[in-house]
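Enquirer: structure of the sequence below:
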Amino acid sequence: MMMPPFLLSTTLHKVGTIPIQFESDVVRARNLGSILAQEIKFDKTSCIRIGTAVSELSRNMMEHANGGNIIFFIAKRSDNSDGVVIEFKDQGHGIQQLDEIRNGSFVSKNGMGVGLSGSQRLMDDFDIQTATGKGTKITIAKWLPVFSESINIEMLHSIQVAFGKTIERGDSSMVETIHAQNNELVFLLKNLQERNEEIEIINNELEETNKGVLALNRELEDKALAIDKAKQQAEQANRAKSEFLAHMSHEIRTPMNSILGFTELLLKSQLNKTQKQFTENVSHAGKALLDIINDILDFSKIEAGRLDLEIVETDIYDLLEKTIEIVRYLAASKGLELLLTTQPNLPRTILVDPVRLKQILINLLSNAIKFTNKGEIEMKLEFNNVVGNKGTFQFSVRDTGIGITQEQKQRLFKAFTQADVSTTRKFGGTGLGLVISNLLAEKMGCPLKLDSVWGKGSTFHFSVDAEFKSQSVDNKFVVVNKNVLVLDNNVHNLKNISTHFDYWGVNYTLCESSFDALLKLKSNKYDLFLSNFNMSDMDGFEITSLIRNKLDICSSKLIIALMYNATDEDHVNKESNQYGIKCKFMKPIKTDDLFELITDKICNEEQISDSIFEEEIINNEIESDISRKVILIAEDVEMNMLLAKAMIRSILPDVEIVEANNGLEAVEIVKQRHIDLVLMDVQMPEMDGMEATRTIRALDMEIIKDTPIIALTAGALDEEKEKAINSGMNDFLTKPIDSILLKGILDKHLFKCFE
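Expert: As a prediction, the model looks like this:
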């Protein structure tokens, strides 16, 4: 039978074994148990409890198995807390009522004292192992307080020898034997009157236990009421906490709005090199502070149980590619290769919370870039375990960074901590990012998992079980008469491209060196050459020049497409026309772009020129329409008003802007003149933005019925957005205002005809 769990870190020193066959053996065993407990310095009550437990369990063996053996041990634990361990072994039929014994409801059929259940209450640890037809082993333990004097080797040896001789003689002369071996050990043998007193104490204890049960029931009832009251108080505290966070968010974001907004406008102005560097530093610091504020708000919402997932249909390709776009410049600035690996048969549309899923992936990618100085970062999505219209989507982010030790893993998902103090000093951060990502992943069904080797990199991964609506490209599609040569010095990128080409039926050849690619182009005919721009021996322009001039392969015979890193964008765009390159893609190349490239849907000169012509027409129509648009800004803080006007002017220089200092003024202006769009601050004096919106919507004026009203608020909680929409607003902008989001709002609501 197995060792009980409470003995796993314990050293047992056997002091003796006695058989149990008769009632006299039960009495003898009880006395030996009490004497052994006395010798290792247990207090009087503990000695009585140990003796009583030995007596009851001995009778239990006689009752259920016609006897057995008792083995006495002195036990030493790793925390220096000593004690006594006693085993009761029999070869009976086994105990059938094991569950009742373990939960304390078992009563001996002969009504023998406190029985098994009572013995369990008398001891610190209690374990029963039984099997039908193979007998039963019961192990009990009583431990001295941790501050008690430890039993030394000499004392242990004396007890073992004396206990053995006492068992051999069958009498109670153990004290004399121990005195003869060690004067420091003294056993006080109890007389019959003392034993009677002990029995009285036990009886009193049992009576007190019965009284205690009644008192415990009353106490449990009181605790239930207290728990309910505490729950109500906790809910009230959470509400107060949320209100406080919303208020603090507004107070912090209001000045942050000005700092980040004016910094962004300043960066677009004429600055010398030093001024630009200082301004960029302010911008980076402000955004870092905003990230910290967002992390704390998210953590608080999750901790309070107020963060819910919003499951919607999501284009997973689009989500992954937009996630990559956010970090690609950061990765490129450190010279890191950024990879996006997906399966060709990946469903296009799945049901998830895109905002929170994207938040997890961005955090994992940002961390990977932060802790990686060279090599590559790969975001990967695999799809399997399909049952009907539901499957498992496995996300992972791999890096070749510093890695994480086993010790550091223990602290990784604890709030406000990082791997170690030096990590915080070197890389910064609150330590909340991974905690929040892990909590969000748990909410989606699977916590974050980590595989890491110190010095070689890490992989974070998690899975989401989600419904899907559609599959990707039909795997029966075959590209006809298409021969492609692919050049890249990153084997993982080549593998990803080749996986999709295999799925689509493309004939292709892979190369890892420019020289090898040129040799293949010289001796073989290809329709398309897809090349990495930054090769180790030459760049994409040099390769193109050799192909066109040295190999004499013109554009009508071979289309050249370049893949470049984000930091090379300006250079590639500026010089590509000189080399006649019309097909160029920022790495990692999007799956849709790759598919359209090999199916001739892009890089068609006629199509490109037509699209440019159409775009010019649309732009001319928009520009002529802008001069007729009127935007009302309702904002009570002068600095925020100035910023909002400047940001709008940077996007729409010719638009007319009307100002209102509070909600009342905004309502009056809307009554008096035509307004195309309202940017409405939520918190204003005299009449706030929501009340002003409700008032405007209630006006009996056809001209303002469909006027878009956009909330401007420093509140970042979902409740703020919900309140704004419910008041009649059409959309929501959080302060600090992001110029890209602002442009999207203006495009969406001012120029609907061009969507």
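
Enquirer: can you list phi and psi of Gly728 for me?
Expert: Here is the backbone geometry of Gly728 (degrees, to the nearest 10): phi 110, psi 0.

Enquirer: measure it to Trp454 for me?
Expert: 56 Å (CB to CB, to the nearest Å). For the C-beta atoms, the positions are set from N, CA and C on the backbone; glycine is no exception.

Enquirer: for His492, same thing?
Expert: From His492 to Trp454 the distance is 22 Å (CB to CB).

Enquirer: same question for Gly744.
Expert: From Gly744 to Trp454 the distance is 43 Å (CB to CB).

Enquirer: quick one: the strands in the stretch 551-700 of the chain?
Expert: Ranges of strands in the stretch 551-700 of the chain, per DSSP state E, counting those that start in this stretch, are 559-564, 583-586, 630-634, 656-660, 677-681.

Enquirer: quick check: next helix or strand after the lowest-mean-pLDDT helix or strand in the chain?
Expert: Confidence across the helices and strands of the chain bottoms out at helix 174-181, with a mean of 41, counting by mean pLDDT, DSSP states H and E. Following helix 174-181 in sequence order, the next helix or strand is helix 192-267 (DSSP states H and E).

Enquirer: figure out how far that following helix is from the centre of its chain.
Expert: Centre-to-centre, helix 192-267 and its host chain are 25 Å apart (CA atoms, centre = their mean, to the nearest Å).

Enquirer: in JSON lines, list the strands of the stretch 551-700 of the chain along with mean pLDDT and mean neighbour count.
Expert: As requested, the strands of the stretch 551-700 of the chain are exported to JSON lines (pLDDT from 0 to 100; neighbours: other CB atoms under 10 Å):
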{"stretch": "strand 559-564", "mean pLDDT": "94", "mean neighbour count": "24"}
{"stretch": "strand 583-586", "mean pLDDT": "92", "mean neighbour count": "19"}
{"stretch": "strand 630-634", "mean pLDDT": "93", "mean neighbour count": "22"}
{"stretch": "strand 656-660", "mean pLDDT": "93", "mean neighbour count": "17"}
{"stretch": "strand 677-681", "mean pLDDT": "93", "mean neighbour count": "26"}
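
Enquirer: helix/strand/coil for Ile138?
Expert: strand (DSSP: H, G, I helix; E, B strand; the rest coil).

Enquirer: how far away is the most centrally placed residue in the chain from Asp399?
Expert: Taking CA atoms, centre = their mean as the criterion, Asn438 is the residue nearest the geometric centre of the chain, at 0.6 Å. When distance is defined by CB to CB, Asn438 is 17 Å away from Asp399.

Enquirer: the residue nearest to the centre of the chain and Leu448 touch, don't they?
Expert: Yes: contact criterion CB atoms under 8 Å: Asn438 and Leu448 qualify, at 4.5 Å.

Enquirer: for Ala566, grab the count of nearby residues.
Expert: 17 (other CB atoms under 10 Å).

Enquirer: just give the closest residue to it, not the sequence neighbours.
Expert: In this structure, Ala566 finds its nearest non-sequential neighbour in Ala332, 4.0 Å apart by CB to CB, 6 or more residues apart in numbering.

Enquirer: list the contacts for that neighbour?
Expert: 338, 565-568 (CB atoms under 8 Å, 6 or more residues apart in numbering).

Enquirer: show the buried residues in those residues.
Expert: 338, 565-566, 568 (16 or more other CB atoms under 10 Å).

Enquirer: am I right that Thr499 is in a helix?
Expert: Yes: counting by three-state DSSP, Thr499 is found in a helix.

Enquirer: what's the average pLDDT for stretch 440-457?
Expert: On average, the pLDDT along stretch 440-457 is 89.

Enquirer: wait, stretch 736-754
Expert: In this model, stretch 736-754 has an average pLDDT of 78.

Enquirer: list the buried residues in it.
Expert: For stretch 736-754, by 16+ other CB under 10 Å, it's 736-739, 742, 745-746, 749-751.

Enquirer: with just CA atoms, put it into CSV.
Expert: What follows is stretch 736-754, C-alpha atoms only, in CSV (Å, rounded to 0.1, in the frame of the first residue of the first chain):
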residue,chain,number,x,y,z
PRO,A,736,-6.1,60.9,-25.5
ILE,A,737,-7.5,61.1,-29.0
ASP,A,738,-5.7,59.0,-31.6
SER,A,739,-5.3,60.8,-34.9
ILE,A,740,-5.8,57.6,-36.9
LEU,A,741,-9.0,56.8,-35.0
LEU,A,742,-10.2,60.4,-35.4
LYS,A,743,-9.6,60.2,-39.2
GLY,A,744,-11.5,56.9,-39.3
ILE,A,745,-14.5,58.5,-37.5
LEU,A,746,-14.5,61.5,-39.9
ASP,A,747,-14.3,59.3,-42.9
LYS,A,748,-17.0,57.0,-41.6
HIS,A,749,-19.6,59.7,-40.6
LEU,A,750,-18.8,62.7,-42.9
PHE,A,751,-18.3,60.8,-46.2
LYS,A,752,-20.5,57.8,-46.0
CYS,A,753,-21.0,57.8,-49.8
PHE,A,754,-17.3,56.9,-50.2
